[in-house]
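Trainee: The following block contains a protein sequence and its predicted model.
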Amino acid sequence: MMNDAETGNNPIDVVISWVDGNDPNHQRKMNPFLDNRVRKDIPGANPTRFRSVNEIRYCVLSIFTFAPFVRKVFIVTDEQDPGLHDDVEKYFPERLRLLKIIDHKEVFKDYGHFLPTFSSRAIESMIWRIDGLSDRFIYFNDDSFLIRNTRVSDFFIQNRPVLRGGWLPSPWPRTLWLGFQSFMKKSLMGRKDFQPKPSYHLAQWLAAKKAGFRYRYFYFNHTPYSISKPTAEKFYKEDPRFFEDHLQHRFKNHKQTNFISLLYHLELKNGNKNIRKPDVAYVNPTGRQKGYIDRKIELCKRDERIKFLCVQSMDLCNKEDQDKVFTWLEDLFHKPHSD
């Protein structure tokens, strides 16, 4: 199955974080940390962050279809099971034993007092601690998919991660606005519990600063992320206090660093020059005009450079558009593919 000679004795695994926010047990765990506030008033607790419309089924099947060099797929979750056994057994029976469900308790070993956690940023900072995880691994959110054949070199070159993105100047206007917004809400409007929305850009800027960058940061978008476990382990040994501070937030918080971005900046600081374009189609179908999904699918079919697909907030779009995306992906999985 590992048909790429570069894999050799240095395997590549995949890690996916997943949650089913409709699970009553999950909701019971969350309730004590809401402090009687409405979820939409807590930026990191908005229900859409946790809803599942079974995207993970297509995520996993896309990996088995388009990345045959992958050894194991680990799904990190909190006492839940996405129920993929039958699909994997049907389409990839030889891979079934390589699909592993990993509980938060395992990756948060020695940090159990921070559980339960509902912060994706906290969870992402601990996934490298999975027992038996390969030194090279690829991290997927469950709304990311492969749509074309990939090779090891799409993710790792000479055993170092491929970093997909580009440089941006420090986002000081966003930082100033964030401070002004907080001042207005807390001091002038009396909203002492106000929290700004966690910014994807600012979390990456915090990561850049933590790694020692002062004037610019490497911004990446929603693609699968190539990770070096030794880079994470080295940082952990050098700054264990970071994790204590990072994990204290039960929900995604504007003070939290994007840990994946931190690892990328550490790679860049250490001379990694494997920078590539994102090669991703980003789809956010909520509130779009009719035909938006059709145009995005046609773009993916037409542009052979696009290898990755991210569809965010699919739970908020209509059933017709959901079906279009899933039907197209299903069709991709069952067509013959050549390198």
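Mentor: That came in fine, so what should we check first?

Trainee: low-scoring pLDDT stretches of the stretch 151-300 of the chain, where are they?
Mentor: When the per-residue scores of the stretch 151-300 of the chain are filtered using pLDDT under 70, the ranges that remain are 179-183, 185-186, 188, 190, 192-194, 196.

Trainee: Strands of the protein, start to end?
Mentor: Assigned by DSSP state E, the strands in the chain fall at 12-17, 70-77, 99-103, 136-141, 144-146, 156-157, 160-161, 163-164, 166-169, 216-219, 225-228, 275-276, 280-283, 308-311.

Trainee: which one of the ones you listed lies closest to Trp205?
Mentor: Comparison of these against Trp205 by CB to CB identifies strand 216-219 as nearest, at 4.9 Å. (Each C-beta comes from the backbone N, C-alpha and C, glycine too.)

Trainee: contacting residues for the residue nearest to the spatial centre of the chain?
Mentor: Among the residues of the chain, the smallest C-alpha distance to the mean C-alpha position (CA atoms, centre = their mean) belongs to Asn141, namely 3.4 Å. Asn141 sits next to Ile16, Ser17, Ser120, His222, Cys310 when contact means CB atoms under 8 Å, 6 or more residues apart in numbering.

Trainee: Buried residues of stretch 72-88, list them for me.
Mentor: Lys72, Val73, Phe74, Ile75, Val76, Thr77, Asp78, Gln80, Pro82, Leu84, Asp87, Val88 (16 or more other CB atoms under 10 Å).

Trainee: Export that stretch to CSV, keeping only CA atoms.
Mentor: What follows is stretch 72-88, C-alpha atoms only, in CSV (Å, rounded to 0.1, in the frame of the first residue of the first chain):
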residue,chain,number,x,y,z
LYS,A,72,-2.3,4.9,10.1
VAL,A,73,-5.2,7.4,10.6
PHE,A,74,-5.8,8.5,14.1
ILE,A,75,-9.0,10.2,15.0
VAL,A,76,-8.8,12.3,18.2
THR,A,77,-12.1,12.7,20.0
ASP,A,78,-13.7,12.9,23.4
GLU,A,79,-15.4,9.6,24.3
GLN,A,80,-17.1,9.5,20.8
ASP,A,81,-16.9,7.4,17.7
PRO,A,82,-17.6,8.7,14.2
GLY,A,83,-18.9,5.3,13.1
LEU,A,84,-16.6,4.7,10.1
HIS,A,85,-16.1,1.0,10.6
ASP,A,86,-18.6,-0.1,7.9
ASP,A,87,-17.5,2.3,5.3
VAL,A,88,-13.8,1.6,5.7
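
Trainee: Let's test this: mean pLDDT of that stretch, rounded?
Mentor: Per-residue confidence for stretch 72-88 averages out to 96 on the pLDDT scale.

Trainee: Identify the bridge partners of Phe308.
Mentor: In this entry, Phe308 is beta-bridged to Leu146, Val280, by DSSP bridges.

Trainee: from memory it sits against Leu146, does it?
Mentor: Yes: between Phe308 and Leu146 a contact is recorded at 6.4 Å, counting by CB atoms under 8 Å.

Trainee: Enumerate every residue touching the spatially closest residue to Ile123 that is not a sequence neighbour.
Mentor: Ranked by CB to CB, 6 or more residues apart in numbering and with sequence neighbours excluded, the top spatial neighbour of Ile123 is Ser17, at 5.4 Å. Shown in contact with Ser17 (CB under 8 Å, 6+ apart): Ile75, Val76, Thr77, Ser120, Ile123, Glu124, Ile127, Tyr139, Asn141, Asp142.

Trainee: Relative to Ile12, which of those is nearest.
Mentor: Distance ranking of these against Ile12, using CB to CB, places Tyr139 first at 11.6 Å.
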